[in-house]
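Novice: Fold the stuff below for me.
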Amino acid sequence: MKHFIYLSILILCCTYCKSSNPKNSIEFEVNKKLLGASISDTTLGFQLEAPVGWVSYPNVNSTEDIVKHIYKDSLSEAALSITDLNVLGTHDPAQEISDNTGHLIESMKLNVLDTTNFYYEGLDIVQYTFGNDKLMLFRLKMKSSNSVLVDYIVPTENIKTHLRKVESSIGSIRVN
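Specialist: As a prediction, the model looks like this:
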C-alpha cells in the first residue's frame, strides 16, 4: 500500500504544475544530479537523459530494430527502454501501441493507475501509469513521433529511491 502512496506522490508531482493553458502544459522538477547518460536519437526526434546510475544495457533479444535503447539500474531491476514501433511498418501505429500495451497489462497483471495527456518541450505526450505489488511502469507515448514508447520500469520496493530520478529523466526530454 505504501508503494501506491509513492505513486500518488509522483502523479501529483507530474501534474501539479499543469497550467490553465488550454494545451495542458506541464513542468517537471529536474535535478541534474539525478541524471546520467544522455540518449539522443535523431530518428526518434527527441533526446533525454537516463537516471543516474542506470547504464546502457545490450539488447539481447531479436527486437533490436524495435527496442532502440535499454538502460538498467546497476543496483535494482529498474529499467528504461525506448521502443520504436515505426520499424514494424504497420499501417496503424496507434493500434500497434494499443495492442502492445494491452498485452503488457495482461501478461504482467498490471492495473491501470492513471493516464495523463500533456505538452512538454514541444512534444504532445500521453503518460500511462501502471502498477501491481511488484512494479510500477511509467509509459510515455510521444504523439508527434507517432509510435515511440518510453518505458520506466521500477520495482515497487525501490520506488522511493527512483521516484525523483524518473521525474528528472522525464523532465530532461527535448526535441532534437
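Novice: can we go C-alpha only for contacts and neighbour counts from here?
Specialist: Will do.
Novice: residue ranges of the helices in the protein, please?
Specialist: 2-15, 93-108, 159-171 (DSSP state H).
Novice: Give the buried residues for the shortest one.
Specialist: Read that as helix 159-171. Within helix 159-171, the residues that count as buried by 16 or more other CA atoms under 10 Å are I159, K160, H162, L163, R164, K165, V166, E167, S168, S169, I170, G171.
Novice: wait, the third one sits on I153?
Specialist: No. H162 lies out of contact with I153 (CA atoms under 8 Å); the separation is 9.9 Å.
Novice: Pairing-wise in the sheet, spell out the partners of the nearest residue to T156 once chain neighbours are set aside.
Specialist: Distance criterion CA to CA, 6 or more residues apart in numbering; nearest residue to T156, sequence neighbours excluded, is L135 at 4.7 Å. Listed beta-bridge partners, L135: P155 (assigned using DSSP bridges).
Novice: how close does L135 sit to S76?
Specialist: Counting by CA to CA, to the nearest Å, the gap from L135 to S76 is 12 Å.
Novice: and if you look at Y57?
Specialist: 13 Å.
Novice: Equivalent analysis for K141, please.
Specialist: With CA to CA as the criterion, K141 and S76 are 25 Å apart.
Novice: With neighbour numbers in mind, choose between these two.
Specialist: Taking neighbours as other CA atoms under 10 Å, K141 and S76 compare with K141 leading, 22 against 13.
Novice: who touches that one in this structure?
Specialist: Contact analysis of K141 by CA atoms under 8 Å, 6 or more residues apart in numbering lists I125, V126, Q127, S147, V148, L149, V150.
Novice: Now, these that are in strands?
Specialist: Members of those lying in strands (criterion: DSSP state E): I125, V126, Q127, V148, L149, V150.
Novice: Identify the residue spatially nearest to the third one, adjacent ones excluded.
Specialist: Beyond its immediate neighbours in the sequence, the residue positioned closest to Q127 (CA to CA, 6+ apart) is L140, lying 4.5 Å away.
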